[in-house]
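>>> Using only what follows, build the 3D model:
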Amino acid sequence: MTFGKNLCVIFLACAVLIAGAIFIRSSHKRLQAAEKEYARLAAQIPPLKTRLHDAESDLEQVKAEWKGGQSTAANSAVSSAELARLNAMWEAYMERVKTDPKFQKNYYEGKELDLNRFYGVFFAKQHLTPDQTDKLKKALVQREMDKDDLKYALQAQGFSANDPSGLPIKQQSDDAFQQSVEDIIGPDGYARFETYDGQAGIRQMMSRYAAESALIGSPMTSSQVDQMVDYITQNNPDYQNGKPINTRQIDWSAVDEQARKIMTPEQYDLFTHANPMGGAVSRWMQKVNLALDDIVNASKQNADAAPAQ
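As a prediction, this is how the structure comes out:
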């Protein structure tokens, strides 16, 4: 009996030892695997740090070049090539619009859908009925079609889109558009539309800033938006001379001073440091446009100088 008990104890002890050995072996394998993974991750850290450092250096270099308005010849060449590529793609697309009814239909349908983005505030402020809104949209699309038809006709004759020979036809189109709008919302409504239309790009920019300001808990009011739009347009030489607003003429330093009087500190910080949602008119786009102007002008000067050389 005692022998049987001893034998049973021995078997149990052996089982415990075997189980312990299996557990230790398994733990050792997991430890080895963990050490290998740790070694693998540790080996990746130096190159990642190097890449991060390089990225930070590149970012600082880009910031410095942007701030000082400096660009290397290589960057200018790349920018010129990219600009030319995008321009060529757009011209190819517009060629299809001119000659392909399907492309033309899609193009102007897209224009009509896009009208809410530019004129939605006007539609709402004027309390237009759905029928009035629909008719006004169609008149706006027709205006765009007339502009494009005139441009294509002038280009076909070897003239630029702004050639003076097209002014009589342009005036006829403008008169027809004015009559259409007055038939829909009256002469006073047309006068309000004309004012709004001239401010559309700036109003779109301020409306997007207003949307962003709501996200930071300090939403701009419609009065604040109107004040900023009025200030920017009233101080734009081209707009005051009856032309479309010229964003290159915006004095952002003066605009910022006015904004400080109108906006809360949170709104002002957003306005002076962030880009409006959707890439509308902004101080940053002005910098880009001015930089592109420099590139185009430099390319023209190089082209003019080449024959002399």
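
>>> going forward, measure contacts between C-alpha atoms and count neighbours the same way
OK.

>>> and Asn302, how many neighbours?
11 (other CA atoms under 10 Å).

>>> and if you look at Thr99?
The tally of other residues near Thr99 (other CA under 10 Å) stands at 10.

>>> go on, Met206?
24.

>>> That one: what's it in contact with?
Each residue near Met206 by CA atoms under 8 Å, 6 or more residues apart in numbering is listed here: 225, 228-229, 276.

>>> same check, this time on Glu257
Contacts here follow CA under 8 Å, 6+ apart; on that basis Glu257 touches nothing.

>>> what's the distance between Pro168 and Asp238?
Here the criterion is CA to CA, to the nearest Å. By it, Pro168 lies 22 Å from Asp238.

>>> what do you get for Gln157?
29 Å.

>>> sorry, back to before: got TSV for the contacts of Met206, with secondary structure too?
Listed next are the contacts of Met206 as TSV, based on DSSP: H, G, I helix; E, B strand; the rest coil:
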residue	secondary structure
Val225	helix
Met228	helix
Val229	helix
Pro276	coil
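
>>> could you dump these to CSV with distance to Gln179?
Shown next, in CSV, are those (distance: CA to CA, whole Å):
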residue, distance to Gln179
Val225, 30
Met228, 31
Val229, 27
Pro276, 35
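
>>> which of those count as buried?
225, 228-229, 276 (16 or more other CA atoms under 10 Å).

>>> closest to Leu113 among those?
Pro276 (21.1 Å; CA to CA).

>>> Report pLDDT for that closest one.
Predicted confidence (pLDDT) at Pro276: the value is 76.

>>> likewise Asp269?
Value for Asp269, per-residue pLDDT: 93.

>>> Against Arg96, how distant is it?
Asp269 is 45 Å from Arg96, by CA to CA.

>>> Leaving out chain neighbours, which residue sits closest to Arg96?
In space, and not counting its chain neighbours, Arg96 is closest to Phe103: 6.3 Å by CA to CA, 6 or more residues apart in numbering.
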